[in-house]
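Turn this into a structure:
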Amino acid sequence: LVPLALDRAEGPSQNGKQWARPDARRLLASTFANNSDYVTCQTYVVNCTTLDMYSNALIGTVPTEIGLLTALRYLRLYDISLTGTIPTELGNLTALTYLSLSKNALTGMVPTELGYLIALESLILEENTLNGTLPTELGNLKALEILDIFEVPLTGTVPTELGYLSTLAYLSFNDITLTGTLPTELGNLTMLTYLTMYEVYLNGTVPTELGYLTSLEALSLYKNVFTGKVPSELGKLTALTDLTLYKNSLTGTLPTVLGHLKALNTLWLFRNVFTGTVPTELGNLTALTYLSLGENSFVGTVPTELGHLSSIIQLYLNSNPITGTLPTELGRLTLMTRMSVSKCALTGMLPSELGNLFFMKYMSLYDNSFTGTLPIDLGGLTTMTQFKVYNNAGLCGYNPVTASLPDNDANGVLDTEGTKIGYQCSGCMEDIA
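Numbers count the residues shown, from 1 in each chain. Here you go, the predicted structure:
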């Protein structure tokens, strides 16, 4: 029996280190025994329980002999430039609880034999060049708590068998080329706290069954091709802190029950095709710090209830045909640093209460129909670095913001083109700047 070892000696013609198969005595004496930071053994090499190699300049493939270390419970081969395929012999490591092969150059398919690892709790395969489909056998890993696959060019669909993983808490498939729909069977994963599948090219509707995931804290399905409405069942996810569905093709009105998500910190819904009005119930989300509803087709007015979002830091309502005036209640959002209501159809005078936003750095109001003078209170926003009000033909008079901005008009830091700011509001265009 000659198990795998890492030969720490430099090869005569290579700068990196090589995988080797020395005899057992050399293995113990010169490799594992002298590198206890990486390997934990008890008496015999075959009794090794931990093999943890990371950020080393190894050369070559993962040896098939690694499958002989049947006592192994923790295997991490992270960022060590490994090539070749994942050995099917890994399926022999039935005591394994943790497996990470991330940040290498591994190729080939994910072995179906990984489905034999019935004690596995964490499977992490980030940043490799693996291909093929996800094995349905992953549904056999009933002890699995973490499944993380990121930047791997896999194809095919999300296996419905993943719905059998009743202990799964973290499911992340990101920046891979899966297609098809999101399986309704994922609604069975009631222990799930984190579900993210972005840039995966999934289509169809967002399953209503996700409403069963009442432990869920983060749901990220952005940059896919989802259609249809946001299910009202998501309003049951009261532990949710992060809901990101941007850059899809979702339609219809936003369910008012989103206002029940009192723990929500981030709500990113921009670049969809939502219609109807912005729900006033969003004003109940007092823990919200980031809200983006931009680049949709919302109509109606800006709800005054948004003035209750006392924790908000960034607010984006841009590129919607919203009408009416900008509510004075927005002046209560004193923690806000970025606000955009550009490219809407807003009218009326800017409220002087905007001068209360002392932490404001970026305010974008361009391409609307605002009128009158800029509130003198805006001159107190000394943290402002960008103020965009261009293409509001009715704005005029003195610009109090000029003194607080850097002299960088060319980069749009202060852009008043298409307005009468700097001129008398009487229409005589007398320069008062």
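
hey, let's count contacts and neighbours off CA atoms from now on
Noted.

Tell me, how many residues neighbour residue 128?
For residue 128, the neighbour count with other CA atoms under 10 Å is 24.

Tell me if it really is in a strand.
No: using DSSP: H, G, I helix; E, B strand; the rest coil, the assignment for residue 128 is coil, not a strand.

how much space between it and residue 158?
Applying CA to CA, to the nearest Å, the value for residue 128 to residue 158 is 18 Å.

Over to residue 256?
30 Å.

higher neighbour count, these two?
When neighbours are counted by other CA under 10 Å, residue 256 and residue 158 differ, and residue 158 comes out ahead with 21 against 14.

which stretches of the stretch 51-200 of the chain have low pLDDT?
For the stretch 51-200 of the chain, applying pLDDT under 70 flags the ranges 57-58.

That one: strands as residue ranges?
Secondary structure of the stretch 51-200 of the chain (DSSP state E, counting those that start in this stretch): strands at 58-59, 74-78, 98-100, 122-124, 146-150, 170-174, 194-196.

so what strands line up beside the third one?
It refers to strand 98-100. strand 74-78 (parallel), strand 122-124 (parallel) (DSSP bridges).

Dump the ones you listed to JSON lines, plus mean neighbour count and distance to residue 310.
Formatted as JSON lines, those follow (neighbours: other CA atoms under 10 Å; distance: least, CA to CA, whole Å):
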{"stretch": "strand 74-78", "mean neighbour count": "20", "distance to residue 310": "43"}
{"stretch": "strand 122-124", "mean neighbour count": "20", "distance to residue 310": "38"}
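
Out of these, which is closest to residue 362?
Closest to residue 362 of the strands paired with strand 98-100 is strand 122-124 (CA to CA; 38.9 Å).

How far off centre is the closest one?
Relative to the centre of its chain, strand 122-124 is centred 19 Å away, using CA atoms, centre = their mean, to the nearest Å.

all numbers from here: first residue = 6
I'll keep to 6 as the first residue from here, and by that count the last item is strand 127-129.

Just the residues contacting that strand, thanks.
102-107, 149-154 (CA atoms under 8 Å, 6 or more residues apart in numbering).

Of those residues, just say which sits nearest to residue 423.
residue 154 (49.0 Å).

Could you report the neighbour count for the closest one?
Around residue 154 there are 22 residues (other CA under 10 Å).

Would you map the strands across the stretch 206-355 of the chain?
208-210, 223-225, 230-233, 247-249, 254-257, 271-273, 278-279, 295-297, 319-321, 343-345, 352-354.

got a markdown table for these, with distance to residue 381 too?
Below are the strands of the stretch 206-355 of the chain laid out as a markdown table (distance: least, CA to CA, whole Å):
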| stretch | distance to residue 381 |
| --- | --- |
| strand 208-210 | 48 |
| strand 223-225 | 41 |
| strand 230-233 | 45 |
| strand 247-249 | 37 |
| strand 254-257 | 40 |
| strand 271-273 | 32 |
| strand 278-279 | 36 |
| strand 295-297 | 28 |
| strand 319-321 | 23 |
| strand 343-345 | 19 |
| strand 352-354 | 12 |
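
Give me whichever of those strands is most buried.
strand 278-279 (a mean of 23; mean count of other CA atoms under 10 Å).

what pairs with that one, and is each one parallel or antiparallel?
Sheet partners by DSSP bridges: for strand 278-279, these are strand 254-257 (parallel).

Most neighbours among the contacts of strand 127-129, please name it.
Using other CA under 10 Å as the neighbour test, these are led by residue 107, with 26 neighbours.
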